[in-house]
Every structure is written in structure tokens, then in C-alpha cells.
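1. predicted model and sequence follow; I will ask about them next.
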Amino acid sequence: MTRRTTSPGTSAGLALISAIFLIITLVGLGAAMVTTSKTQHDTGTKSLLAAKVYQGAKAGLDWGIQRAIAVGPPACVGASFPLTQAALAGVSVTVTCVASAHGAGNNVYYLTSIATIGTLGGLDYAERRLEATVSNIP
């Protein structure tokens, strides 16, 4: 009966291959975790920007409706302004208003509010457009 023995060089080679495989696997897992973390951060940032411009566009629309109904057709003009409140700082709003007369003193107002933040084409850019039609017709 012959007995076969393993030489120390074979065991060391097997351990080296196992160690290299383990290192490559851990590096791959680390890279996947970094990518996932970055994606989560970017998604959160985009959600925050989207919420800011939505609230900015809504504020512009509310401002335009109040101005059109309270003051009347001469006040139904467009305006552009930056928002400076803490939560909406950096949001720019453009409001347009078109009045349509329907009889004596009855008007329909078509309002559009566009809010933007960041630089167009940049990763920090977001835009929201809201429209409303209101009237003072009883």
C-alpha cells in the first residue's frame, strides 16, 4: 500500500488562491456598498430638490391667484422673484398670468408658475411647473 502525502508547497499554493479569491470578493462587495450608498444619497438629494421646487411653484401660484383675484386684471401680470426663506432659499419663481374678460367685471385668469433651483444641465438642477385657472365669476 502506497501512501500519498501532500507537499507543503501544494498547501501554500491552495491557501494563496483562496486568499486571493477572498480579497477579490471583499473588494467587489465593498465597491457595491459604496455605489449603493452614493445612489441612496443622490436619491435623497434629488427628492429634497423636487420638494423645494414644488413648494416654490405652489407659493408662486398662490401669490399669482391672490394678486389676480384681489386686485383685478391690471394686477394680472407676470413676475419673477427669488425665494429667500430658509427652506426655499435658492429657488427662483416665474409667474405668468393671462386675463380673459367674460362680461362686465367677470374675468378668468390663466396662471402658470415655474420654479427652478440649481444650474440648468447640472446635477443640482430641478424644475417644477404648476398651472391654474381661476375666476371671479359668481
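-> It's in.
2. give the next helix or strand downstream of the one helix or strand Gln55 maps to.
-> Secondary structure from DSSP states H and E places Gln55 in helix 8-71. The first helix or strand that comes after helix 8-71 along the chain, using DSSP H and E, is strand 79-82.
3. what does that following strand contact?
-> With contacts defined as Cβ atoms under 8 Å, 6 or more residues apart in numbering, strand 79-82 is touched by Gly64, Gly90, Val91, Ser92, Val93, Thr94, Val95. Every residue, glycine included, has its C-beta placed from N, CA and C.
4. how about the residues you listed, which pair is most distant?
-> Farthest-apart pair in the contacts of strand 79-82 is Gly64 and Gly90; separation 20.6 Å (Cβ to Cβ).
5. quick one: average pLDDT of stretch 62-78?
-> Average pLDDT, stretch 62-78: 80.
6. buried ones in that stretch?
-> For stretch 62-78, the neighbour count (16 or more other Cβ atoms under 10 Å) marks Trp63, Gly64, Ile65, Arg67, Ala68, Cys76 as buried.
7. which one of those sits closest to Ile117?
-> Out of the buried residues of stretch 62-78, the member with the shortest distance to Ile117 (by Cβ to Cβ) is Trp63, at 17.5 Å.
8. which residue packs closest to the closest one, ignoring adjacent ones?
-> What sits nearest to Trp63 in space, not counting adjacent residues and going by Cβ to Cβ, 6 or more residues apart in numbering, is Val95, at 6.5 Å.
9. quick one: low-confidence parts of this protein?
-> 1-9, 72-75 (pLDDT under 70).
10. okay, the helix or strand containing the residue nearest to Trp63 in PDB with CA atoms only?
-> In this structure, Val95 sits in strand 92-101 according to DSSP H and E. Extracted C-alpha coordinates of strand 92-101, given in PDB (Å, rounded to 0.1, in the frame of the first residue of the first chain):
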ATOM      1  CA  SER A  92     -36.400  81.100  -8.400                       C
ATOM      2  CA  VAL A  93     -40.000  81.500  -9.300                       C
ATOM      3  CA  THR A  94     -41.500  82.900 -12.500                       C
ATOM      4  CA  VAL A  95     -45.300  83.600 -12.600                       C
ATOM      5  CA  THR A  96     -47.300  84.400 -15.700                       C
ATOM      6  CA  CYS A  97     -50.900  85.500 -15.800                       C
ATOM      7  CA  VAL A  98     -53.300  86.000 -18.700                       C
ATOM      8  CA  ALA A  99     -56.700  87.500 -18.000                       C
ATOM      9  CA  SER A 100     -59.800  86.800 -20.200                       C
ATOM     10  CA  ALA A 101     -62.800  89.100 -19.800                       C
END
